[in-house]
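> here you go, sequence then predicted model.
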Amino acid sequence: MARVLSGIKPTGTLTLGNYIGALKRFPAFQTLHNSFIFIADLHALTLPIDPEVLKKNAFDLAAFYLAAGLDPEKTTLFLQSQVSAHAELNTILTNYAYMGEMARMTQFKEKSEAKKEQAIGLGLFTYPVLMAADILLYDAEIVPVGEDQRQHVELTRDLAQRFNHRYGDVLVMPKAELSKVGARVMSLSDPTKKMSKSDPKGNIELSEDLASVRKKIMSAVTDSDTIVRYDVAQKPGISNLMTIYASLKEISLENVEKTFAGQTYGMFKKAVADVVCEELQQLQERYQSIVASGLVHHVLKQGAQRAQSIANATLQRVKAAVGLWL
Ligand code: ATP
Ligand code: LTN
């Protein structure tokens, strides 16, 4: 059984982009693979966040993991900060990562763009090293993520290769696994930008009121043409709505084109709104019952214990390889 690992930062309410690009895909791995899914709370500290908000977000994220269908008996679900091996391996790996390659990371460039150098935390700069530690600790071969994280997984591969070149076969080479449709869901208000947690006008939040969801989809920015056709360059708005529809219905983009041939944008948008609201309604109901069950903390505690035993073994391997006393 191959190991699968992925994580999401508890930096805000999850969006439909997080759901389609990552969360929705996680449960499928748990039957065939040994699956590790975590809450990247240490990563959430790389940009300013209120402590109470962080705690609440982490809890909600755990509840959404369960609501999306992760079974804690099959998937090890845990909080990154509760497995100290992440921070330890991070410390070791920072010595093998280069300033130049960190500075080239698109996410770092975007998130630090508007800030003065004095206001950019070092954690934001070394973010991908911690992410590499997350992945390498579990010998993960498969890393399901959205398109924006592909570069970080590539960097993880470079680091693993560099480390192994020097110390022998210590680390397992991971690979990013992107969904064919929906690896990059775009903003509804500006379909040339990624849908993001920090853009409430252009995003749909998983816990959002369904009337508001419907309104946002019906008023999503599109072009002045009338044909429902997939063409990212000419028709980014319609293409994005097609992606959302195709992902949730689990059908191909060609199939979406055929289904809506001859129909107006208004009719198509209504169908998209229906499918999104239906999915979110189910998710929100499951989320409510999971919160009411009071099981979240127990699941995370048990998950941290399982994660620790795997992560500590890898950490020992790494320590031995570099010459640290065990
Ligand atoms: P932010 O929006 O604050 O920059 P984020 O949502 O990109 O953060 P995470 O919450 O850690 O960051 O992302 C979790 C997962 O969701 C990652 O696998 C990421 O690639 C994926 N993801 C995020 N946004 C999108 C999107 N718009 N389309 C597809 N996948 C996405
Ligand atoms: N960097 C990711 C979150 C993340 C992650 C990971 C994803 C942290 N560690 C390990 C996959 C594997 C993000 O910003 N979306």
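Nice, thanks for sending it over. Ligands and ions are numbered 1, 2, ... in the order given.

> going forward, measure contacts and count neighbours with C-alpha atoms only.
Fine.

> would you mind writing the CA trace of stretch 203-211 as PDB?
Output of stretch 203-211 as PDB, limited to C-alpha atoms (Å, rounded to 0.1, in the frame of the first residue of the first chain):
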ATOM      1  CA  ASN A 203     -15.000  32.800  -3.400                       C
ATOM      2  CA  ILE A 204     -17.600  30.400  -2.100                       C
ATOM      3  CA  GLU A 205     -17.100  29.200   1.500                       C
ATOM      4  CA  LEU A 206     -18.100  25.700   2.500                       C
ATOM      5  CA  SER A 207     -20.100  27.000   5.400                       C
ATOM      6  CA  GLU A 208     -21.700  29.900   3.400                       C
ATOM      7  CA  ASP A 209     -25.400  30.500   3.500                       C
ATOM      8  CA  LEU A 210     -26.900  28.800   0.400                       C
ATOM      9  CA  ALA A 211     -28.900  31.800  -0.800                       C
END
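
> is it in proximity to ligand 1?
No - Stretch 203-211 does not reach ligand 1 (Cα under 6 Å from any ligand atom); its nearest approach is 8.6 Å.

> hmm, who's touching that stretch?
The contact list for stretch 203-211, computed with Cα atoms under 8 Å, 6 or more residues apart in numbering, reads 13-17, 19, 187-188, 195-197, 213, 216, 277, 280-281, 283-284.

> break down the stretch 101-250 of the chain into its helices, ranges please.
Using DSSP state H, counting those that start in this stretch, the helices of the stretch 101-250 of the chain run over 106-112, 122-125, 127-136, 150-167, 210-218, 236-249.

> what's the last one packed up against?
In terms of contacts (3 or more Cα pairs under 8 Å, 6 or more residues apart in numbering; DSSP states H and E), helix 236-249 is packed against helix 16-21, helix 253-259, helix 265-293.

> where does the protein come near ligand 1, residue by residue?
8-9, 17-18, 21-22, 145-149, 182-186, 194-198.

> what subset of the residues you listed is buried?
Among the residues of the chain next to ligand 1, those classed as buried by 16 or more other Cα atoms under 10 Å are 8-9, 17-18, 21-22, 145-147, 149, 182-186, 194-197.

> please identify the buried residues of the host helix or strand of residue 312?
Assigned by DSSP states H and E, residue 312 falls within helix 296-322. Within helix 296-322, the residues that count as buried by 16+ other Cα under 10 Å are 296, 299-300, 303-308, 311-312, 314-315, 318-319, 321.

> contact partners for residue 131?
152, 156.

> tell me the pLDDT of it.
With respect to pLDDT, residue 131 scores 98.

> any figure for the gap between it and residue 262?
According to Cα to Cα, to the nearest Å, residue 131 stands 46 Å off from residue 262.

> what of residue 66?
The value you get for residue 66 to residue 262, if Cα to Cα is used, is 40 Å.

> and what of residue 123?
Taking Cα to Cα, one finds residue 123 at 51 Å from residue 262.

> between these two, point out the one with more neighbours.
residue 123 (16 against 11; other Cα atoms under 10 Å).

> find the nearest non-adjacent residue to the more buried one, please.
In this structure, residue 123 finds its nearest non-sequential neighbour in residue 46, 5.3 Å apart by Cα to Cα, 6 or more residues apart in numbering.

> which strands or helices does the helix holding residue 312 pack on?
Packing partners of helix 296-322 (3+ Cα pairs under 8 Å, 6+ apart): helix 51-67, strand 75-79, helix 85-93.

> so does the last one get close to ligand 2?
No - when contact is scored as Cα under 6 Å from any ligand atom, no part of helix 85-93 falls within range of ligand 2; the minimum is 9.9 Å.

> get me the contact residues on this structure for ligand 2.
Residues of the chain lying near ligand 2 by Cα under 6 Å from any ligand atom: 5-9, 40, 131, 134-135, 149.

> any idea how far the nearest residue to residue 72 once chain neighbours are set aside is from residue 78?
Nearest-residue entry for residue 72: residue 299, 6.6 Å, with adjacent residues in sequence omitted and distances by Cα to Cα, 6+ apart. According to Cα to Cα, residue 299 and residue 78 sit 8 Å apart.
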